[in-house]
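Engineer: Mind looking at a prediction? Sequence and model below.
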Amino acid sequence: RKEVEQDPGPFNVPEGATVAFNCTYSNSASQSFFWYRQDCRKEPKLLMSVYSSGNEDGRFTAQLNRASQYISLLIRDSKLSDSATYLCVVNARSSGSARQLTFGSGTQLTVLP
Amino acid sequence: EAQVTQNPRYLITVTGKKLTVTCSQNMNHEYMSWYRQDPGLGLRQIYYSMNVEVTDKGDVPEGYKVSRKEKRNFPLILESPSPNQTSLYFCAKGNIYYEQYFGPGTRLTVT
């Protein structure tokens, strides 16, 4: 089982739609959670961190469910510019002493006019 | 502005010819790392460095070396590249508990 799993999509949605992505993680000791956005052939960029209480940034809402070990990202009123791949990222202690970031494979979103 | 620069951006080479991909950062971050990205496999960490002269293996270190002689630079070295190292490589800096800033990527093809 992968440490961080995402539905690869693609998700094709019309402008203005609401879309939700889920991500599951296997390490119960994971402490930090993030959503990154990656445009085609570009570097990933932090979209938002995910806090235990859930957090919102404009049209984007992130939720964490520690009991079920999943995080979610909700995008409301989607725009054409939201088309990208969304990466779920988890920080957990690896088999070594240091913590590592583990990336999901990403969920591809295309917003259609 | 937090910046990570990588060079070269594109490289086509032949099997066995040693190469180095450079990575530099401008904000004195202690943590730096290298990732490779392959279709369907996502980003996988190759090596990371917590500070000068402190490096450690990530998930896929085989066939790679790194060095951290000064805080701003973290080169990735392929002593004898092979075709299975054809990939998109990203250098990153930042804090593993917070935001990572990625470089623009290096697209490597080994024939």
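Structural biologist: Structure's in. What do you need?

Engineer: quick one, longest strand in the chain?
Structural biologist: Going with chain A. strand A:84-93 (DSSP state E).

Engineer: could you do chain B instead?
Structural biologist: From DSSP E, the single longest strand across chain B is strand B:42-51.

Engineer: Flag every buried residue along it.
Structural biologist: B:Gly42, B:Leu43, B:Arg44, B:Gln45, B:Ile46, B:Tyr47, B:Tyr48, B:Ser49 (16 or more other C-beta atoms under 10 Å in any protein chain shown). All C-beta spots, glycine's among them, are computed from the backbone N, C-alpha and C.

Engineer: One more: stretch B:64-81?
Structural biologist: Neighbour-count burial for stretch B:64-81 [16+ other C-beta under 10 Å]: B:Tyr64, B:Val66, B:Arg68, B:Lys71, B:Phe74, B:Pro75, B:Leu76, B:Leu78, B:Pro81.

Engineer: cool, stretch A:17-30 as well?
Structural biologist: Neighbour-count burial for stretch A:17-30 [16+ other C-beta under 10 Å]: A:Val19, A:Phe21, A:Asn22, A:Cys23, A:Thr24, A:Tyr25, A:Ser30.

Engineer: what's the helix or strand harbouring the second one packed up against?
Structural biologist: Going back to what we said before, that points to A:Phe21. If you go by DSSP states H and E, A:Phe21 is part of strand A:19-25. Where contact means 3 or more C-beta pairs under 8 Å, 6 or more residues apart in numbering or on different chains; DSSP states H and E, strand A:19-25 is packed against strand A:4-6, strand A:11-14, strand A:70-75, strand A:84-93, strand A:107-112.
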